[in-house]
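K.L.:
pasted the sequence and its predicted model underneath.
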Amino acid sequence: MAKIMTAFFSRSGENYMVGNVEKGSGNIAADIISSILGAPSYRIERKEDYPSDYNDCNKEAQRERNENERPALRSPLPDMTGVDALILVYPNWWGDLPMPVYTFLDGIDTDGLSIYPVCTHEGNGLGMTDRCIMQAYPSAKVMKGLALRGTLLQNDRDKAEAAVREYLSKSGLAG
Ligand SMILES: Cc1cc2nc3c(=O)[nH]c(=O)nc-3n(C[C@H](O)[C@H](O)[C@H](O)COP(=O)(O)O)c2cc1C
């Protein structure tokens, strides 16, 4: 059985369609994954929080992306010794990953690592995110991903949990 770890980036505050949320949608997805697998989970957090206001966050995230920044993370990188499967949870931001997720992936050994992309979104699904990971980390094995709407995670946990369960089981990560 593969040694599995989850890493997630998720933002609380004001977001598209869901209003002001205490817990980001990807955080809810990561909680569901942990409750099913019991695998360790690492939170990818930008050292300096993004603004809670949706429009201000958009501006800041857009600037960071245009400049291809690698923002500093709040917590030290996790020990990934022996981990061969990484479930990576992140939101779709203009079809791409938030830049702190690149900071995280740059900092770990992705060589031969199987990455399972789990992308929260509000209409654009995985977008280009799985291909972005493949391009940036060609020696990783990017597996079939799962797209989950933030509104589903916020409003219907049972349905979201069923979708996550089905994905983990089809991917061979859960029985
Ligand atoms: C900066 C920014 C850019 C976004 N761009 C997209 C997008 O291009 N397509 C999409 O479907 N959703 C987009 N969204 C919506 C998020 O993907 C969606 O709200 C997601 O569920 C957020 O996950 P989180 O609560 O874990 O951060 C964007 C949100 C933000 C804040």
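P.N.:
Arrived safely.
K.L.:
and the closest residue to P78 other than its chain neighbours, what is it in contact with?
P.N.:
Once flanking residues are discounted, P78 sits nearest to Y42: 4.3 Å by Cβ to Cβ, 6 or more residues apart in numbering. For glycine as for every other residue, the C-beta is placed from the backbone atoms N, C-alpha and C. Listed by Cβ atoms under 8 Å, 6 or more residues apart in numbering, the contact partners of Y42 are M5, T6, A7, F8, S75, L77, P78.
K.L.:
same question, S12
P.N.:
S12 neighbours (Cβ under 8 Å, 6+ apart): V21, E22, K23, G24, N27, S52.
K.L.:
tell me the phi and psi of L126?
P.N.:
Backbone torsions of L126, given as degrees, to the nearest 10, read phi -70, psi -20.
K.L.:
you'd agree it is up against M143?
P.N.:
No - contact criterion Cβ atoms under 8 Å: L126 and M143 do not qualify, at 11.8 Å.
K.L.:
overlap in contacts of these two?
P.N.:
P117.
K.L.:
where does G26 land in three-state SS?
P.N.:
helix (DSSP: H, G, I helix; E, B strand; the rest coil).
K.L.:
what ranges of this structure fall below the confidence cut-off?
P.N.:
For the chain, the stretches with pLDDT under 70 are 1.
K.L.:
in it, what residue lies closest to the ligand?
P.N.:
G150 (2.5 Å; Cβ to the nearest ligand atom).
K.L.:
that residue contacts V18, correct?
P.N.:
Yes - in this structure, G150 is within contact of V18 by Cβ under 8 Å, at 5.5 Å.
K.L.:
count the neighbours of M99 for me.
P.N.:
M99 has 19 neighbours, counted by other Cβ atoms under 10 Å.
K.L.:
how much space separates it from Y50?
P.N.:
Between M99 and Y50 the computed distance is 10 Å (Cβ to Cβ, to the nearest Å).
K.L.:
shared neighbours of these two, anything?
P.N.:
Common neighbours of M99 and Y50 (Cβ under 8 Å, 6+ apart) are A61.
K.L.:
ok, back up a step: show me what contacts the residue of the chain closest to the ligand?
P.N.:
Taking Cβ under 8 Å, 6+ apart, one finds N15, Y16, M17, V18, S25, P91, T120, H121, E122 in contact with G150.
K.L.:
now it. Nearest residue, chain neighbours left out?
P.N.:
S25 (3.6 Å).
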